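In: here is a sequence with its predicted model. Questions after.
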Amino acid sequence: MARRSRRVAAGALALVGAVAHADGGAGEPALDGARYLYVLRCQGCHGPDGAGMPGGVPDLRGALTPFTRTQAGRAYLARVPGVAQSPLDDAELAVVLNWLVDGIGGGAAPGFVAYDAASVGRLRARPLVGVAAARRAALAGADAD
């Protein structure tokens, strides 16, 4: 029975992968890996365009560049609860974070070091507790370009 379950799970994963990378039809491009992961794990709260929900879920559109100017800001993005506790593995999360920063988030500041699986793993191992205070600290000095 366990072998059958593994085969069914493997088949389901293959189907999901095929759908994610298939032509969207009517000339629509296929979802790339980062966009697909965003749709699968982030869009439910942040929306398809990253707009979030006023008073509850932050708007990501053009809002991430200041966080890319400091190490504290870079750490903040990987440590906020929704990110740190995401079901994505460290490598997948690094891909999504980089995609968000470069796309929806407005682009990275000069000198920003892209996330990789190892850095995401270290950062998310210490999720934030005082999110508002950490946000203020992460943005302190971010405007000094």
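Out: Nice, thanks for sending it over.
In: could you use CA atoms for every contact and neighbour count after this?
Out: Will do.
In: any weak-confidence spans in this structure?
Out: 1-31, 142-145 (pLDDT under 70).
In: break it into its domains for me.
Out: 1-30, 33-139 (automatic domain parsing).
In: how about those domains in TSV, adding mean neighbour count?
Out: Output for the domains of the chain, formatted as TSV (neighbours: other CA atoms under 10 Å):
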stretch	mean neighbour count
domain 1-30	11
domain 33-139	17
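In: could you say which helix or strand holds A114?
Out: Under DSSP states H and E, no helix or strand contains A114.
In: what's near enough to touch it?
Out: Neighbour list for A114: N98 [criterion: CA atoms under 8 Å, 6 or more residues apart in numbering].
In: any idea how far it is from V80?
Out: Computed with CA to CA, to the nearest Å, the distance linking A114 and V80 is 17 Å.
In: now R122
Out: R122 is 13 Å from V80, by CA to CA.
In: I figured R124 was touching L77, is that so?
Out: No - in this structure, R124 is not within contact of L77 by CA atoms under 8 Å, at 9.4 Å.
In: any shared contact partners between these two?
Out: Joint contacts of R124 and L77 (CA under 8 Å, 6+ apart) are V83.
In: so L37 belongs to a helix, correct?
Out: Yes - looking at L37 with DSSP: H, G, I helix; E, B strand; the rest coil, it is inside a helix.
In: I figured it was touching L97, is that so?
Out: No - L37 is beyond contact range of L97, at 10.4 Å (criterion: CA under 8 Å).
In: helices of the chain, start to end?
Out: 2-21, 33-41, 43-46, 71-79, 81-84, 90-102, 117-124, 131-139 (DSSP state H).
In: what's in contact with the fourth one?
Out: For helix 71-79, the surrounding residues in contact (CA under 8 Å, 6+ apart) are 66-68, 83-84, 97, 120, 123-128, 134-135, 137-139.
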